[in-house]
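Colleague: Quick one: sequence and predicted model below, then my questions.
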Amino acid sequence: MNLAQNILAVAETHPTLPAIIDPSTGRVFTYRELIENVQAFAGGLLKQGIKPGDRVALLIPNSPEFIFLMLAVWRLSATAVPIGMGLGRIELDEILANADPDLLIVQAGSLKPPVKKYLKGKPVYVAGGATGDYPSLFKLKDSGRLDLPDFNSHQHSLACIIYTYRGLGYPLGAMIPHEQIWRGATLLRNGHGTEPGQKMLVILPLAHILSLVSCLLMPLMGGMGIVLCDSVKPSTVFSLIEKHRIYTTAVIPELLGLWLKFDIGDYDVSSLKLILSGGSDLRRSIWRAIVKKLKVEVLHGYGLTEITPVSGNTKGKSHLGTVGPVVKDVDYRIHQPDGKGRGELQLKSDHLFVGYNKREREYAESFLDGWFRTGDICHLEKGYLVFDREKKQTRKKNGRIVDLVELKNVFEKFPLIKKAEVRSRNGRTTVALTLIDPRHEPNILEMKKTLALLLSAAKGVQEILIKT
């Protein structure tokens, strides 16, 4: 089982269909050109000494090159480490130190001190702009035109290390095998009924498990065309839906809220039939309103970095207010339910992740009597799963996980601070500070500026209070 070889085999059956459309640059790649680019990048990686099991970090935004490189890494049975854009110093430090990649591909704008210290002595290629210190990404591609040997990955060979949070104060690198990602994309495709030649608009960052499975693997395994969208602005989104006759897209619920506020006017969005939703809670009122406004079917689901999907609504069987029935290859239980049937969702499956990179203790502690502890409180409604809230010390904000313990630790390292208490509700985060000496108060504005450098924007704090 090798993800890339599976996708390239599909590509050979649809050579002239568009595989990737990048409106921001005007580039269009057919499935034949997808094969050529993947083979070229894989050859370049092979010349750089990348072999099965080696780790290649991708710190680049959504682009055709991101897709080519993910497939090229998998083609060699190496392990991809996709890293989200816009991370702060602390996040990058934790991820790069833990991943210890053998080769890095970095966006030019991300070549800053937090990243540069991990580049010494390792092959580095730069995307999105020239730099005198490191070669352009296209030199990697141009050096790679050669015949490739076959690498037949074992089904449990690592495809990715994807970083997530469990409320411990630091990211965990979930190790995801080839089989798990293929299984997730297959389940989504079967539940959504897509066909070759249809178009999918990709808005979400591909470095996350939801979009990797639903926006990269699912469309490519079905011969669909991926249309990349470089903005979340509704005007851009609806313009692309009209121009490219988009059939489906995947979103986080917060985007649907933006769409409801936007006057679609004369935009023709009649081609849009399905919206895949996940990553956070979707309120019933928004669900109803978007279905009415766009005349589409919304398929809301639930998954984790450690296994995606866990549950999902499917075409023609969507149940308002739920994340759908749990998929057949996952066993589940609601642990210690209260009087209303709400308790922690716990899982068993042959398709779970295989560990947290270099974090054996955290991996062991994520299980209870053989059941994976999701850290999420859920209940059942007529056989459909309903997400209630997070039990673990994390919150979702704009599709990103905010680790409350990580925030607490950051604030308690500021001068003058004795203790920090972090609360988050309805997307609003508040920090209450206890001072070492009440006579000396910190500069709140400067604290917020520093926080913006240390952590991603999604972890920004809306209110900082001084306890007296």
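Modeller: Thanks, I have it.
Colleague: helices and strands around the helix or strand harbouring residue 308, which ones?
Modeller: In this structure, residue 308 sits in strand 307-312 according to DSSP states H and E. Counting contacts by 3 or more CB pairs under 8 Å, 6 or more residues apart in numbering; DSSP states H and E, strand 307-312 is packed against helix 178-192, strand 297-304, strand 343-348, strand 384-390. Bear in mind the C-beta positions are built from the backbone N, C-alpha and C, glycine included.
Colleague: Buried residues of the lengthiest helix in the chain, list them for me.
Modeller: Assignment by DSSP state H gives helix 31-47 as the longest helix of the chain. By neighbour count with 16 or more other CB atoms under 10 Å, helix 31-47 contains the buried residues 31, 33-46.
Colleague: what do you get for stretch 358-378?
Modeller: 359, 363, 366, 371-378.
Colleague: tell me the contacts of residue 134?
Modeller: 106, 111, 119, 124-126 (CB atoms under 8 Å, 6 or more residues apart in numbering).
Colleague: so where's the stretch 1-150 of the chain shaky on pLDDT?
Modeller: For the stretch 1-150 of the chain, residues meeting the criterion pLDDT under 70 lie at 130, 143-146.
Colleague: Which parts of it are helices?
Modeller: Secondary structure of the stretch 1-150 of the chain, counting by DSSP state H, counting those that start in this stretch: helices at 3-13, 31-47, 64-75, 89-99, 113-116, 137-142.
Colleague: quick one: which of these is nearest residue 258?
Modeller: Across the helices of the stretch 1-150 of the chain, residue 258 has its closest neighbour in helix 64-75 (24.1 Å, CB to CB).
Colleague: centre of the chain versus that closest one, how much separation?
Modeller: Chain-centre distance of helix 64-75: 16 Å, with CA atoms, centre = their mean, to the nearest Å.
Colleague: quick one: which helix or strand includes the residue nearest to residue 200 when sequence neighbours are not counted?
Modeller: The shortest distance from residue 200 to any non-neighbouring residue, by CB to CB, 6 or more residues apart in numbering, is to residue 219 (4.5 Å). Per DSSP H and E, residue 219 falls inside helix 218-221.
Colleague: Please report how far the closest residue to residue 150 other than its chain neighbours lies from residue 75.
Modeller: Closest residue in space to residue 150, ignoring its immediate chain neighbours: residue 5 at 7.6 Å, by CB to CB, 6+ apart. For residue 5, the distance to residue 75 (CB to CB, to the nearest Å) stands at 7 Å.
Colleague: Which one's more surrounded, those two?
Modeller: Between residue 5 and residue 75, counting by other CB atoms under 10 Å, residue 75 is the more crowded of the two (25 against 18).
Colleague: quick revisit: the strand holding residue 308 vs strand 343-348, what angle?
Modeller: Interaxial angle of strand 307-312 relative to strand 343-348 (axes from the mean of the first three to the mean of the last three CA atoms, to 10 degrees): 120 degrees.
Colleague: I'd like the next helix or strand past strand 307-312.
Modeller: Following strand 307-312 in sequence order, the next helix or strand is strand 331-335 (DSSP H and E).
Colleague: Counting by contacts, list what that following strand packs against.
Modeller: Using 3+ CB pairs under 8 Å, 6+ apart: strand 331-335 touches strand 343-348, strand 371-381.
Colleague: follow-up on the earlier one: which residues touch the longest helix of the chain?
Modeller: 4, 8, 10-12, 14-20, 29, 56, 64, 67-69, 71-73, 75-76, 78, 103, 139-146, 148, 220, 223.
Colleague: Buried among those residues? Need that as a selection in ChimeraX.
Modeller: Buried residues within the contacts of helix 31-47, by 16+ other CB under 10 Å, are selected in ChimeraX with:
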select :4,8,10,11,14,17,18,19,20,29,56,64,67,68,69,71,72,73,75,76,78,103,140,141,143,144,148,220,223
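Colleague: how many neighbours does residue 272 have?
Modeller: 22.
Colleague: Hmm, it is touching residue 244, no?
Modeller: No. Contact criterion CB atoms under 8 Å: residue 272 and residue 244 do not qualify, at 10.6 Å.
Colleague: before we move on, the earlier item: residue contacts, the residue nearest to residue 200?
Modeller: Counting by CB under 8 Å, 6+ apart, residue 219 has contacts 194, 200, 225-226.
Colleague: from these, which ones fall inside strands?
Modeller: Applying DSSP state E to the contacts of residue 219, the entries found in strands are 200, 225-226.
Colleague: PyMOL command for the buried members of the residues you listed?
Modeller: A single PyMOL command is used to select the members of these judged buried by 16+ other CB under 10 Å:
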select buried, resi 200+225+226
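Colleague: Look up the closest residue to residue 415, ignoring the ones flanking it.
Modeller: In space, residue 415 is closest to residue 442, 7.1 Å off (CB to CB, 6+ apart).
Colleague: now the one you found: how far from residue 466?
Modeller: Distance from residue 442 to residue 466, by CB to CB: 8 Å.
Colleague: Count the neighbours of residue 114 for me.
Modeller: Neighbour tally, residue 114, other CB under 10 Å: 17.
Colleague: thinking it is in contact with residue 94, fair?
Modeller: No. Between residue 114 and residue 94 there is no contact under CB under 8 Å: 10.4 Å.
Colleague: what's residue 241 in contact with, if anything?
Modeller: Counted by CB under 8 Å, 6+ apart, residue 241 has contacts 201, 249, 267, 269, 271-272.
Colleague: any idea whether it is helix, strand or coil?
Modeller: helix (DSSP: H, G, I helix; E, B strand; the rest coil).
Colleague: quick check, residue 437 in a helix?
Modeller: No. Under three-state DSSP, residue 437 sits outside any helix and is assigned coil.
Colleague: Burial check on it, number of neighbours?
Modeller: Count around residue 437 with other CB under 10 Å applied: 8.
Colleague: can you pull the buried residues of stretch 335-347?
Modeller: Taking 16+ other CB under 10 Å as the criterion, stretch 335-347 shows 335, 342-347 as buried.
Colleague: now, which of these sits nearest residue 458?
Modeller: residue 345 (23.6 Å).
Colleague: Endpoints of stretch 263-272, how far apart?
Modeller: 16 Å (CA to CA, to the nearest Å).
Colleague: Pull out the buried positions in it.
Modeller: For stretch 263-272, by 16+ other CB under 10 Å, it's 264, 267, 269, 272.
Colleague: Is the first one in contact with residue 238, as I believe?
Modeller: Yes. In terms of CB under 8 Å, residue 264 counts as a neighbour of residue 238; the distance is 5.7 Å.
Colleague: Which ones among the contacts of residue 241 lie within strands?
Modeller: Using DSSP E, the contacts of residue 241 in strands are 201, 249.
Colleague: Which pair in the contacts of residue 241 has the greatest spatial separation?
Modeller: Farthest apart among those by CB to CB are 249 and 267. That separation is 14.1 Å.
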